[in-house]
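Undergrad: any chance you could fold what I've pasted below:
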Amino acid sequence: MSDDLDGWGGAEFVLAADRLDTPDVIEAADPSDMLRQVASAAAQVRTALRSCAETDLSAFTPDARPRAMVVAGMGGSGLAGELLGAVTGSSSPVQVVTAQTERLPGWIGAADAVLAVSCSGTTPQTLAMATEAARRGCRLAAVGAPGSPLQRIAEQARAPFVPVVPGAGGLPRSMLWATAIPLLVIAGRVGMTRIEPDVYELAASRLEEISHQCRPASESFVNPGKSLALDLVGGLPMVWGTTPLSGVAARRFASQLQENAKYPAIAGVLPDAANHQVAAFDGPFAPRSSRLAADGPAEPVSPLAAPDDLSGWDLDFEEEAEPSSGFTPLRLILIADPSEEQRVSAQRAAVTELAEQRGVGLSELAMDGEHPLVRLAGVIQLTDYASVYLAIASGIDPGQTVAIQDLKTRVE
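TA: Got it, this is the predicted structure:
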């Protein structure tokens, strides 16, 4: 747990910590059982493997390898496609493309495979792309809820359909592994990657291990999920990976922070993030920003700006100044992958020093495991827990989706 409370007052921080260490409060604050849904991750892996074994996937073989593997899915289902691309890696003989629109790219045709993924099986954009894939003569497979419109499209196209068995509650954001595992199995069948059964079991075991560490009954000082959540309270998270693999984990964490904790979050990957996102270290959310103390002439103030437009800024800025009450500080979360390049490792060390100089809080998460799938499983499970605990610490129901549902009713 971080001692850097930044803009949060001590009383508010203590209240957040108290919420996370009071079982009755946790239960009452999580009416949708999001914590139980996160804990179902290992079961999702094993159930998905059984569903794949019971599904006729004989159309996918190394002898009929597609030119490209296109994953058609929105939100978490789209992230499953990114996970597939990261695990198969740049050495894969088949390009992985994630399509998150209502239409497939124009170049996709009969030489390509389309994997349509929708946890509910009702996502309009995914249904449209699955229908279009069948019309273009693509090799099609679908992953979704049994009895759904997506299954009917697959049946009409005589394409394999892998059913997603909902876990406790079954919100799509908590069903990543149920949708991602079938994609990995299909990729293995065409020779894009090699994942032995024991690797899947290692991933499931890692998910169970993290779930045990992050269980609600475990107090925050020994619970990595609660500790990470408390590091983020009252802050503005920037989540950076150091490889394409940890970049997927970064995007997943940012997405879960938005959906579960209702927190805005920025995801990036080194070295690209160092070329633009790091500029935020010199802005209004960095406690000891050097923006106003930088060498060189000051930029002119627009004559249209009223004098009180500068009321939030200290023009006699001193690097040691403390942020004012109510200040929202940046918080950088670095997800380090042991396979990162040496240059990126040096850049990560430099970013760490820069964050400390600017007063930007830092949380470092280290991926661990020989296989990419195992490494990804561990850090995604930890950050999934942290996002739910952050919601509870902030007094927010992690399962509510009022804004999402409101938007859907406005566009339907």
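
Undergrad: from here on, just use CA atoms for contacts and neighbour counts.
TA: Fine.

Undergrad: all helices of the stretch 1-150 of the chain, in order?
TA: Per DSSP state H, counting those that start in this stretch, the stretch 1-150 of the chain carries helices over the ranges 10-20, 23-29, 34-39, 41-53, 76-88, 124-136, 149-156.

Undergrad: which one of those helices lies closest to T101?
TA: helix 124-136 (6.2 Å; C-alpha to C-alpha).

Undergrad: on that earlier part again, so which of the helices of the stretch 1-150 of the chain comes closest to F60?
TA: With C-alpha to C-alpha, the closest approach to F60 among those belongs to helix 41-53: 12.2 Å.

Undergrad: what's the angle from the lengthiest helix in the chain to helix 76-88?
TA: Taking DSSP state H as the criterion, the chain has its longest helix at helix 372-393. Angle of helix 372-393 versus helix 76-88, following axes from the mean of the first three to the mean of the last three C-alpha atoms, to 10 degrees, is 140 degrees.

Undergrad: other SSEs contacting helix 372-393?
TA: helix 10-20, helix 34-39, helix 197-213, helix 224-232, helix 244-259 (3 or more C-alpha pairs under 8 Å, 6 or more residues apart in numbering; DSSP states H and E).

Undergrad: so how far is that helix from its chain's centroid?
TA: 9 Å (C-alpha atoms, centre = their mean, to the nearest Å).

Undergrad: likewise for stretch 175-195?
TA: The chain centroid and the centroid of stretch 175-195 are separated by 18 Å under C-alpha atoms, centre = their mean.

Undergrad: tell me which residues in that stretch are buried?
TA: Neighbour counts using 16 or more other C-alpha atoms under 10 Å place 175-193, 195 of stretch 175-195 among the buried residues.

Undergrad: pull it out as PDB, backbone CA atoms only.
TA: Below are the C-alpha coordinates for stretch 175-195, written out as PDB (Å, rounded to 0.1, in the frame of the first residue of the first chain):
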ATOM      1  CA  MET A 175     -15.900 -13.400 -19.200                       C
ATOM      2  CA  LEU A 176     -12.600 -12.700 -20.900                       C
ATOM      3  CA  TRP A 177     -11.200 -16.200 -20.500                       C
ATOM      4  CA  ALA A 178     -14.400 -17.800 -21.700                       C
ATOM      5  CA  THR A 179     -14.100 -16.000 -25.000                       C
ATOM      6  CA  ALA A 180     -10.300 -15.900 -25.400                       C
ATOM      7  CA  ILE A 181      -9.500 -19.600 -24.800                       C
ATOM      8  CA  PRO A 182     -11.500 -20.900 -27.900                       C
ATOM      9  CA  LEU A 183      -9.600 -18.400 -30.000                       C
ATOM     10  CA  LEU A 184      -6.300 -19.800 -28.700                       C
ATOM     11  CA  VAL A 185      -7.400 -23.400 -29.300                       C
ATOM     12  CA  ILE A 186      -8.400 -22.600 -32.900                       C
ATOM     13  CA  ALA A 187      -5.100 -20.800 -33.500                       C
ATOM     14  CA  GLY A 188      -3.300 -23.800 -32.200                       C
ATOM     15  CA  ARG A 189      -5.200 -26.100 -34.600                       C
ATOM     16  CA  VAL A 190      -3.900 -24.100 -37.600                       C
ATOM     17  CA  GLY A 191      -0.400 -23.900 -36.400                       C
ATOM     18  CA  MET A 192      -0.300 -20.300 -35.300                       C
ATOM     19  CA  THR A 193       0.900 -21.200 -31.800                       C
ATOM     20  CA  ARG A 194       1.700 -24.200 -29.800                       C
ATOM     21  CA  ILE A 195       0.000 -24.400 -26.400                       C
END
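
Undergrad: any idea of the mean pLDDT for it?
TA: On average, the pLDDT along stretch 175-195 is 95.

Undergrad: what's in contact with that stretch?
TA: Stretch 175-195 has contacts (C-alpha atoms under 8 Å, 6 or more residues apart in numbering) with 41, 44-45, 47-49, 52, 57, 60-66, 76-77, 79-81, 83-84, 87-88, 92-94, 115, 117-119, 143-144, 162, 164-167.

Undergrad: next: stretch 132-149.
TA: Contacts with stretch 132-149, where a contact means C-alpha under 8 Å, 6+ apart, come from 103-104, 108-122, 127, 130, 150-151, 154, 157, 159-166, 179, 182.

Undergrad: and that stretch, which residues are buried?
TA: 132-134, 138-146, 149.

Undergrad: before I go, just wanted to say thanks for your time.
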